[in-house]
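Trainee: Got a sequence here, can you build the structure:
(one chain, ligands or ions: 1)
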Amino acid sequence: MRYSALALAWNALTGNRNWTPAWRDAAPRDSYDVLVIGGGGHGLATAYYLAKEHGVANVAVLEKGWIGSGNAGRNTTIIRSNYLLPGNIPFYEWSMKLWEGLEQDLNYNTMVSQRGVLNLYHSDVQRDAYARRGNAMRLHGIDAELLDREHVRRLVPYLDFDDARFPIHGGLLQRRGGTARHDAVVWGFARGADRRGVDIVQNCEITGIRISNGRATGVETTRGKIRADKVALAVAGSSSRLASMAGLRLPIESHVLQAFVSEAVKPLVHQVITFGAGHFYISQSDKGGLVFGGDIDGYNSYAQRGNLPTIEDVCEGGMAMMPMLGRLRVLRSWGGLMDMSMDGSPIIDRTPVEGLYLNAGWCYGGFKATPASGWCFAHLIARDAPHPAATAYRLDRFASGRLIDERGAGAQPNLH
Ligand SMILES: Cc1cc2nc3c(=O)[nH]c(=O)nc-3n(C[C@H](O)[C@H](O)[C@H](O)COP(=O)(O)OP(=O)(O)OC[C@H]3O[C@@H](n4cnc5c(N)ncnc54)[C@H](O)[C@@H]3O)c2cc1C
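Mentor: Residues are numbered from 1 along each chain as shown. This is a model prediction of the structure:
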């Protein structure tokens, strides 16, 4: 069923009895051309673009829980392409371009809202670093504006400018950045993939990867064995666990990242704002809640919940930037599993096991990458060659030393 204003009106007038499910809850078949493991945004986008761009539709997405139950449904929904380094710039800008046309492409309201992403700076040194990043973006045709303190004050007058512990000197603004509705992104890709013949199989956990003569031949699952010519991993925080089933040890650690939402207030925060003197970022959801987060918890874990010291740290950062936050009550907090790579950048590559492909290392920034990640991973799987926008995301860069260390923090996931 195609969604349109006409369809909406017709269904409203006929008692909303004729809507059809957005996707089938498929049962697994014995074999497929491609198995995509993980029903998060990346896995579903991969399946969608495999079918749409490459005509490979004999595909199943296997998800251990329900689609979107991982990070795809837990993130703070920020999208942006304000990167500095050559390996990252083309990829994230390609993602931004895909976001800009995604709703028309999917015929689904993913609520892409280009409300702007404002990174605050608090010192001359930080201003210079932001100017450099902004210049790199502009050299690649990406929008970036360096704002002085008064310009920032006009945009967000409620921040702490005058008595602040970390005075705001200005900000780097990417107006095309913003937010998208995370679960709608999952559902939109699922619907698009399903319409092109992809099986979306939920409650199907991968328990083993079958390898014969150095080649992946399928998987073992809680719903039986499934054969495949190609197996593609897109399991984010569970990447090391799945890769170890194929005897691979990845340069990835899993960490917890928490997020928070306050009680609803009237429209107040009109952009995404990030604090430059600590790790804190905030936006406002369409329901009115302030959505915010900060650092990862800083210890290795596969638990999807975090600890109180990080909550205190995040709230301190928020209060230092925006003291009025202290008047609000936090409604909910939750955690997700970050696949932290050793340079903070992702991996989209083949593995040493023939027919086994890897999409991982998204750290806490993979939501914005969802469309391009799916696009480039599908290209790699279908053509066995990296997409031009993702050539830097090689697994062997950790051995060759060609790291993409955007934060300059070294092999320290807790500092990325
Ligand atoms: C609190 C929080 C805030 C974030 N904020 C942002 C943000 O603002 N902007 C941004 O760009 N990024 C953000 N991120 C990061 C982003 O959400 C992730 O990088 C991205 O969602 C990862 O890709 P995915 O959607 O495919 O992952 P997931 O949704 O985690 O998908 C992986 C799937 O694999 C499944 N799986 C795992 N093991 C198995 C198995 N054995 N068998 C079958 N299936 C399995 C899981 O159940 C899961 O559904 C945030 C993350 C969190 C947790």
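Trainee: Spatially central residue in the protein, please.
Mentor: Here the mean C-alpha position of the chain is nearest to the C-alpha of F367 (Cα atoms, centre = their mean), at a distance of 1.5 Å.
Trainee: quick one: that one is in a strand?
Mentor: No - assessed by DSSP: H, G, I helix; E, B strand; the rest coil, F367 does not belong to a strand; its assignment is coil.
Trainee: Tell me the pLDDT of the residue in the stretch 201-350 of the chain positioned nearest to the ligand.
Mentor: Residue of the stretch 201-350 of the chain nearest the ligand, by Cβ to the nearest ligand atom: G336 (2.2 Å). Any C-beta I mention is one placed from the backbone N, CA and C, and that applies to glycine too. Residue-level confidence at G336 comes out at 97, pLDDT.
Trainee: Also the one 3 residues further on?
Mentor: With respect to pLDDT, D339 scores 97.
Trainee: Distance from the chain centre to whichever strand or helix holds it, please.
Mentor: In this assignment (DSSP states H and E), D339 forms part of strand 330-341. Strand 330-341 has its average C-alpha position 12 Å from the chain's average C-alpha position, going by Cα atoms, centre = their mean, to the nearest Å.
Trainee: same thing with stretch 210-227?
Mentor: A distance of 28 Å separates the C-alpha centroid of stretch 210-227 from that of its chain, computed with Cα atoms, centre = their mean.
Trainee: does any part of that stretch sit near the ligand?
Mentor: No - remark: stretch 210-227 sits outside contact range of the ligand, by Cβ under 6 Å from any ligand atom, the gap being at least 7.3 Å.
Trainee: Could you tell me the end-to-end distance of that stretch?
Mentor: Between the opening and closing residues of stretch 210-227 there is a gap of 8 Å (Cα to Cα, to the nearest Å).
Trainee: if we can go back for a sec, could I get the contacting residues of the residue of the stretch 201-350 of the chain closest to the ligand?
Mentor: If a contact means Cβ atoms under 8 Å, 6 or more residues apart in numbering, then G336 has 70-71, 74-75, 237, 256-257, 259, 304 as its contacts.
Trainee: quick one: which of the residues you listed sit in helices?
Mentor: Counting by DSSP state H, none of the members of those fall within helices.
Trainee: Same list (the residues you listed) but as a markdown table, adding pLDDT.
Mentor: Listed next are the contacts of G336 as a markdown table, based on pLDDT from 0 to 100:
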| residue | pLDDT |
| --- | --- |
| G70 | 97 |
| N71 | 98 |
| R74 | 97 |
| N75 | 98 |
| G237 | 97 |
| V256 | 97 |
| L257 | 97 |
| A259 | 98 |
| Q304 | 92 |
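Trainee: which of those residues lies closest to H279?
Mentor: Compare each of those with H279 using Cβ to Cβ and the shortest gap goes to L257, at 10.4 Å.
Trainee: and the gap between that closest one and S301?
Mentor: As defined by Cβ to Cβ, to the nearest Å, L257 lies at a distance of 10 Å from S301.
Trainee: More neighbours: which of the two?
Mentor: Taking L257 and S301 together and counting by other Cβ atoms under 10 Å, L257 has the greater number of neighbours (25 against 19).
Trainee: Beta-bridge partners for that one, please?
Mentor: Each beta-bridge partner of L257 is listed here, defined by DSSP bridges: I296, G336.
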